[in-house]
Every structure is written in structure tokens, then in C-alpha cells.
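Visitor: Show me the folded form of this:
(chains A and B)
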Number of protein chains: 2
Amino acid sequence: MNFKEKIEASTQARNSKIVLALDLPPQKRELLLNKATEILENVEPYVCAVKINRHLVLPLGLFNDLQKIVKRAEDYGLPTIMDCKINDIGATNRVVAQHYFDAGFDAVTANPFVGWEQGLKPVFEAAKKNGKGVILLVYMSHKAAYEGYGQTVKTESGKLVPQYAVFAEKALKWKADGAVVGATYPEKIREIHQMLREEVPIYSPGIGVQGGKIREALNAGARFLIVGRSITLSEEPGENAKKLRDLANQV
Amino acid sequence: MNFKEKIEASTQARNSKIVLALDLPPQKRELLLNKATEILENVEPYVCAVKINRHLVLPLGLFNDLQKIVKRAEDYGLPTIMDCKINDIGATNRVVAQHYFDAGFDAVTANPFVGWEQGLKPVFEAAKKNGKGVILLVYMSHKAAYEGYGQTVKTESGKLVPQYAVFAEKALKWKADGAVVGATYPEKIREIHQMLREEVPIYSPGIGVQGGKIREALNAGARFLIVGRSITLSEEPGENAKKLRDLANQV
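Guide: Numbering: from 1, shown residues only, chains lettered A, B, ... in the order given. Take a look at the predicted model:
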């Protein structure tokens, strides 16, 4: 099973489209591992995958305590995504991706802005070799996304098109396992979904605290909903994850 | 002293324009710390700063063994740059930057493609608050750099300009402490230097293994030369660093 099949199987088996973004605010490092593990334990029945970011990797250390969380997710049968947004030169990207794969992650995120030769090619190669996935950023969820992802660019044939359309093309051409499109921009999800169809599933972050709405994102074509702070900062992470899952399943 | 002044003072005092990129190929984690420390020890008299990347951060752990290397560089009086190429949403970027600053780094690199609001604004704010620096990617050193950094984009006023010109404008507007432009593209260094003048110094990676030439990069306007594998993979890192420093000083 490749990553696309793996997370699809997980979303079916668990009847959930929610990907937990296990992001916690900076705090004492001794508390961080316990807190993250506790949230994961409470939330795991209601999500289909776990996404981890530098909020945990940097304070815990990848091959130190962070790996314990990856292992725990694996024990629950949850696929894990490292949201490292790879955007360096190829030789470095290869090393970065390989470290995350070695630590047990099933997929990494990467920025198509880097391009292919000596850029993301080594990442896709490493993923293929290790049976892992690559998810590309196509339109991010923050306010200034228009500056980069939304800018108008000239294609080789001289046509003026939005940057995200170029990135969606790359996602298809490079056979990415997923595309990130912010839930805060449902009209972009719709437009990008029309390009990607069912070939490249859309992962939509920005639900809740950032203002994105589950119904709008799903109706526009998102396949997975990435939820972080609405779950991790709530008093009852498990209960909230369950509510969001149920809400998504009603759409 | 802000970061721009700090590294300028270092380059004057040490009579070197070379920034050591302390990147090592993946190897046993126990060996990595020793090897990196040994190279730093041999090379430190001939460089003006140290740049660290995920080659060391991920296997060693930021607050585990990696911090020992940052501390060692600090003991030598060398400014340290974390080449994390920040490109996430603002809330995450702020956490990432703060962790690296807390670990002792004097500056971080970031990708202006993210934009300002909820993008790099929190990074510049965190840097200012902590007395640290931000260096922006303007044109990278790899083959596919043309796909992103070299593409033609439409400005708000409807003009068609190269992406790197937009990024150079942002470097000036956001008061970046430096701009990265690959030594593999000396004509881009020249063009970008004409925009940035002495306001934002150019850091040029890609010297040596990647094909960039010291003389060409400096003549085109680079202020600092980032050198990694030509030093770290050589039999005599200290000797090679000295040679490269002297070569640069002859230009």
C-alpha cells in the first residue's frame, strides 16, 4: 500500500476525515511529551491520521522523545504526516526527508516552489524508495497566502495563470499523494479540486481557530480536514474531535 | 549590535568572508557530534560565521546535542545562522523561530514566498524582540531555481517582473538582515545587488561542489560566501577553509 491508499483505508476504517494536527504551544519540555501523548490517546478514536510539526520536533528532538509519539500513533494504526514544508536544495531535502522517514513518518509535506531538478525530485525518489508519501502545498490558509500562492505568473507558453494552478499541475505531474489547500479559501479548494479531481486528494488546514468551516471545505472538494488548535487547546480534546468528526460525516 | 552589525564586525575582525555550512552526510548519531565539533574546531580561525541545517538538527536534536555545537561556535565568537528556510503560517513560524533563538542561534533564514501578514511578520517581530536576524531567500543555488525564483510574475501595478525582484523588494521593505543568492548564478547576484546595494548584504551559497566560483560571486556583489561540502567533506577542512578565505581576500 502506498501512502494515498494507506490514509484512504484509515479514513474508511475509522469513519473519519479528520487529521489531527498535534501542535502545542511552547511549554516546559518535560510537560510537552506527556501533554501530546495524552491528547493523542484521547483523540485517536476520532481521527484518520496525525500531522506533526516543529512545535513538537524542535523541543522534543526527532530521535529523542518525538519518536515516542510517532511510535504511539503507529501503535494506534494511525498514519503520520510530518509537516516540514520542505523547500531547500535537493541534497538537503533528501537528507531531511530520509530522517523523517527513518523516524517512522509515513509522509512529508513539501513546497513545489522549489521546482524539480535538484529540488523536490530527490524527495519523491526517497519517498518511493521507502514506500512513503509526499503532500504538496498548493494554497495555504494564512492571510498573506495571496502574495505567493495567489500571485499571477507567466507560464512557458506565455499564458498568465494563478500560481496555485501551476502548483496543482505539478502535483499531478509529479504524482503527489496529496495537496494542501486552506479551508479559509473554499473557492480555491473548488477551483483546485476541479484540476486535481480524485487523482490527488486535498488536505485542508485552517478549520476552526483560523476561521475555516468544515461544511464549506468538504462541499468544495476537500478530502481530509486538518484540525489543530480547535482540538489541542480545548478542555476536552477527545469530545471536540468526536464532534468535528460527526459534523464532517453529516456533510 | 543587531545581527547585520554582528556578522559585519566578525568578518572584519577575522578577515574572512567565508560562512561555514556545517553540513555532514547522514551517519551514526554518536559520530556526528564528534565529527561536526572537530570540523568546527579546525575551521573556526578561517571563517566569520557558522550556518547549520537539518543535517545536524534532526539527528542530534535541537536542545540535545545540537545546542552543544551552537554553544561551541559562540565560545569561538562566531555568529550562528539556522538555515531553516521558514515557510509556514505565522503562528508556526513564530514558534519555529523562537525555538531556534532560544537554542542560541543569532539568525534564521526564511522564504519570502510566504508573504507578510500571518506569514513572516511574526518571524521579524520575534527576531527584533530577541535581538536576532532574518535572512531571506532571494534566488537559490539549485538547477530548478528558475521554476520558482526565476519565474515571471505580475505585480499589483500590472508590470511583469522576475520573482526574485519581488523578493528583493520585500527584503528592503521588511528590513531583512541578508539575502541569499546562489553563487551558481552570478548574473542574478549582480542584478539583485543593484537593487539591494549595501542595505541588505548578499549571502552566496553553492560555492565549490555545486559549481559556484568565489571570484565571480564576489565581483558580482556577494558579501558573504557560504561554503559547505568543499570544506566538510575534504580531508583537511581547516586547510581548505584557509585556502578559500585567502582566495576570497585576493578578489
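
Visitor: Tell me the secondary structure at the residue located most distally from the centre of chain A.
Guide: Farthest-out residue of chain A from its mean C-alpha position, per C-alpha atoms, centre = their mean: A:G158, at 32.2 Å. Classification of A:G158 using DSSP: H, G, I helix; E, B strand; the rest coil returns coil.

Visitor: do A:L20 as well
Guide: Here A:L20 is recorded as strand under three-state DSSP.

Visitor: Correct me if wrong: it contacts A:V227.
Guide: Yes: between A:L20 and A:V227 a contact is recorded at 6.7 Å, counting by C-beta atoms under 8 Å. Every C-beta, even on glycine, is put in place using the N, C-alpha and C of the backbone.

Visitor: mind listing what the nearest residue to A:G131 once chain neighbours are set aside touches?
Guide: Nearest non-adjacent residue to A:G131, counting by C-beta to C-beta, 6 or more residues apart in numbering or on different chains: A:N2, 6.8 Å away. Contact partners of A:N2, counting by C-beta atoms under 8 Å, 6 or more residues apart in numbering or on different chains, are A:131, A:133, A:177.

Visitor: Contacts only, for A:T109.
Guide: By C-beta under 8 Å, 6+ apart, the neighbours of A:T109 are A:81-86, A:134-137, A:180.

Visitor: what about the nearest residue to A:G206 once chain neighbours are set aside, neighbour count?
Guide: Sequence neighbours aside, A:S141 is the residue nearest to A:G206 in space, at 3.1 Å (criterion: C-beta to C-beta, 6+ apart). By other C-beta atoms under 10 Å in any protein chain shown, the residues close to A:S141 number 22.

Visitor: what's the answer for A:G208, then?
Guide: 20.

Visitor: separation between it and B:L66?
Guide: A:G208 is 33 Å from B:L66, where distance means C-beta to C-beta, to the nearest Å.

Visitor: next one: A:E187
Guide: Taking C-beta to C-beta as the measure, A:E187 falls 42 Å from B:L66.

Visitor: can you map out the strands along chain A?
Guide: Secondary structure of chain A (DSSP state E): strands at A:18-21, A:49-52, A:80-86, A:107-110, A:133-139, A:152-154, A:160-162, A:178-181, A:202-204, A:224-227.

Visitor: Just list whatever residues bridge to the residue nearest to A:P205 when sequence neighbours are not counted.
Guide: Among residues not flanking A:P205 along the chain, A:I226 sits closest, at 3.9 Å (C-beta to C-beta, 6+ apart). Using DSSP bridges, the bridge partners assigned to A:I226 are A:V19.

Visitor: how much space between A:I226 and chain B?
Guide: 11 Å (C-beta to the nearest C-beta, to the nearest Å).

Visitor: Can you name the residues that contact that residue?
Guide: Taking C-beta under 8 Å, 6+ apart, we find A:I226 in contact with A:19, A:21, A:51, A:180, A:203-207.

Visitor: cool, A:Q118 as well?
Guide: Each residue near A:Q118 by C-beta under 8 Å, 6+ apart is listed here: A:89-91, B:142-144.

Visitor: Out of those residues, which is nearest to A:A97?
Guide: Taking C-beta to C-beta as the measure, A:A97 lies nearest A:G90 of those, at 10.3 Å.

Visitor: gap between the closest one and chain B?
Guide: Separation of A:G90 from chain B (C-beta to the nearest C-beta) stands at 6 Å.

Visitor: That residue: neighbouring residues, count only.
Guide: Using other C-beta under 10 Å, A:G90 has 22 neighbouring residues.

Visitor: My guess is it contacts A:A126. True?
Guide: No: using C-beta under 8 Å, A:G90 is not in contact with A:A126; the gap is 10.3 Å.

Visitor: Need the residues touching each of the two.
Guide: Residues touching both A:G90 and A:A126 by C-beta under 8 Å, 6+ apart: none at all.

Visitor: where does chain A have low pLDDT?
Guide: Applying pLDDT under 70 to chain A picks out no residues at all.

Visitor: redo that, cut-off 90
Guide: Flagging of chain A using pLDDT under 90 yields the residue ranges A:29-30, A:156, A:208-212.

Visitor: what's the span of stretch A:44-60 from first residue to last?
Guide: End-to-end span of stretch A:44-60 (C-alpha to C-alpha, to the nearest Å): 21 Å.

Visitor: err, stretch A:43-63, not the other one
Guide: Stretch A:43-63 has an end-to-end distance of 24 Å (C-alpha to C-alpha).

Visitor: what does stretch A:16-30 give?
Guide: First-to-last residue span, stretch A:16-30, C-alpha to C-alpha: 31 Å.

Visitor: Now do the buried residues in that stretch.
Guide: Residues of stretch A:16-30 classed as buried: A:16-24 (neighbour count, 16 or more other C-beta atoms under 10 Å in any protein chain shown).

Visitor: Please report the number of neighbouring residues for the residue nearest to A:A9 when sequence neighbours are not counted.
Guide: Excluding its sequence neighbours, the residue lying closest to A:A9 (C-beta to C-beta, 6+ apart) is A:M1, at 6.9 Å. By other C-beta under 10 Å, the residues close to A:M1 number 10.

Visitor: so how far is B:D65 from A:M1?
Guide: Look at A:M1 and B:D65: by C-beta to C-beta, they are 36 Å apart.

Visitor: Show me the beta-bridge partners of the nearest residue to A:D177 once chain neighbours are set aside.
Guide: Nearest residue to A:D177, sequence neighbours excluded (C-beta to C-beta, 6+ apart): A:G133, at 3.6 Å. Beta-bridge pairing for A:G133 (DSSP bridges): A:A107.

Visitor: and stretch A:60-68, does that touch chain B?
Guide: Yes: using C-beta under 8 Å from any C-beta of the partner chain, stretch A:60-68 reaches chain B at A:60-64.

Visitor: Contacts for that stretch, please.
Guide: A:29, A:32-33, A:37, A:52, A:56-57, A:69, A:99-100, A:103-104, B:29, B:58-64.

Visitor: Just the buried positions in that stretch, please.
Guide: For stretch A:60-68, by 16+ other C-beta under 10 Å, it's A:60-67.

Visitor: Export those as TSV, with columns for distance to A:A217.
Guide: Supplementary listing: the buried residues of stretch A:60-68 in TSV, determined by distance: C-beta to C-beta, whole Å:
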residue	distance to A:A217
A:L60	30
A:G61	34
A:L62	31
A:F63	35
A:N64	35
A:D65	33
A:L66	29
A:Q67	31
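
Visitor: Give me the subset of the residues you listed that lies in helices.
Guide: Per DSSP state H, helices hold the following members of the buried residues of stretch A:60-68: A:60, A:67.

Visitor: Which single one of the buried residues of stretch A:60-68 is nearest to chain B?
Guide: Using C-beta to the nearest C-beta, A:G61 comes nearest to chain B of those, at 2.7 Å.
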